[in-house]
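A.B. asks: structure for the following, please:
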Amino acid sequence: MKIALKFFTLLTLFTVVFACSSPDKGEKVNAEEATEEAAEVTAEAVTYTVNTEASTINWKGYKKFDIGDEHTGTLKLSEGSLSVTGDQLTAGEFKIDMTSMESIDLAGTEGAAKLVGHLHSPDFFSTEEYPTATFAITGVEAVEGSADVTHNITGNLTMRGETKQITIPANVSIADGKITAVAPEFTIDRTQWGVEYGNEGIVGLAKDKVISNDLTLKIMLNAGAS
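C.D. replies: Below you'll find the model as predicted:
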């Protein structure tokens, strides 16, 4: 009985530690085949130009079995536009400069250059061949009764030559000739865009070499009327 009690206590402690240590990855977003074209910009729409200096994308990547071992960084946007019809966001597209990838957690260290260099390589995002990723809106749906998000934005994400359709939650604000659109942290499966290195499905790969398929993103867009 004492042995069983000790085992249960240890199991409970492990569960608590694991839960407390697991990284917050936001909402898991499923990717599907891209079957819809980008939403049309109508004659009635007002177009807002994305301010690339005031917009950014944050990313997180993780080791699979090393709890708490994660890397964080940023990406810059190269251009973008958002279209509003009436008082609703209806269309838009933005481009991500994949060559702008930087590390936050290792900033200022030799490890940062090593990590970012590897991420640029064909093992990961192959940025020399695919320097730009794009997100083109195919539909926007208002969310009622949520304190966390105002809209679900569906669009085609093209990365490393692969295009998939995803729907991401976002907070959209339109006021005083400006749009702010913030997608809180959400997670995609990188392998669906052909980023296969060290993935969870590789048989026989040592545990300390397994990299989670999860890639967490947070998108912050600021745009002004053209």
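
A.B. asks: alpha carbons only for contacts and neighbour counts from here, please
C.D. replies: OK.

A.B. asks: excluding chain neighbours, what is closest to Val172?
C.D. replies: With C-alpha to C-alpha, 6 or more residues apart in numbering as the criterion, Val172 has its nearest non-adjacent residue at 4.4 Å, and that residue is Ala181.

A.B. asks: what's the average pLDDT for the helix or strand the one you found falls within?
C.D. replies: Counting by DSSP states H and E, the element that carries Ala181 is strand 178-189. Here strand 178-189 scores 96 as its mean pLDDT.

A.B. asks: name every strand pairing with that strand and say which way it goes.
C.D. replies: Strand partners for strand 178-189, identified by DSSP bridges, are recorded as strand 27-28 (parallel), strand 162-175 (antiparallel), strand 211-225 (antiparallel).

A.B. asks: where does Thr191 land in three-state SS?
C.D. replies: Here Thr191 is helix, with the state taken from DSSP: H, G, I helix; E, B strand; the rest coil.

A.B. asks: contact partners for it?
C.D. replies: 199, 213 (C-alpha atoms under 8 Å, 6 or more residues apart in numbering).

A.B. asks: what separation is there between it and Leu205?
C.D. replies: Thr191 sits 16 Å away from Leu205 when distances are taken as C-alpha to C-alpha, to the nearest Å.

A.B. asks: tell me where this structure is predicted with low confidence.
C.D. replies: Using pLDDT under 70 as the threshold, the predicted model of the chain has low-confidence ranges 1-23, 65-68, 203-204, 206, 208.

A.B. asks: any idea where the helices of it begin and end?
C.D. replies: 2-21, 110-120 (DSSP state H).

A.B. asks: for the last one, buried residues please.
C.D. replies: Right, the one you point to is helix 110-120. 112, 116, 119-120 (16 or more other C-alpha atoms under 10 Å).

A.B. asks: quick check: the nearest residue to Thr134 once chain neighbours are set aside vs Ser81, distance?
C.D. replies: Beyond its immediate neighbours in the sequence, the residue positioned closest to Thr134 (C-alpha to C-alpha, 6+ apart) is Lys95, lying 4.5 Å away. For Lys95, the distance to Ser81 equals 9 Å [C-alpha to C-alpha].
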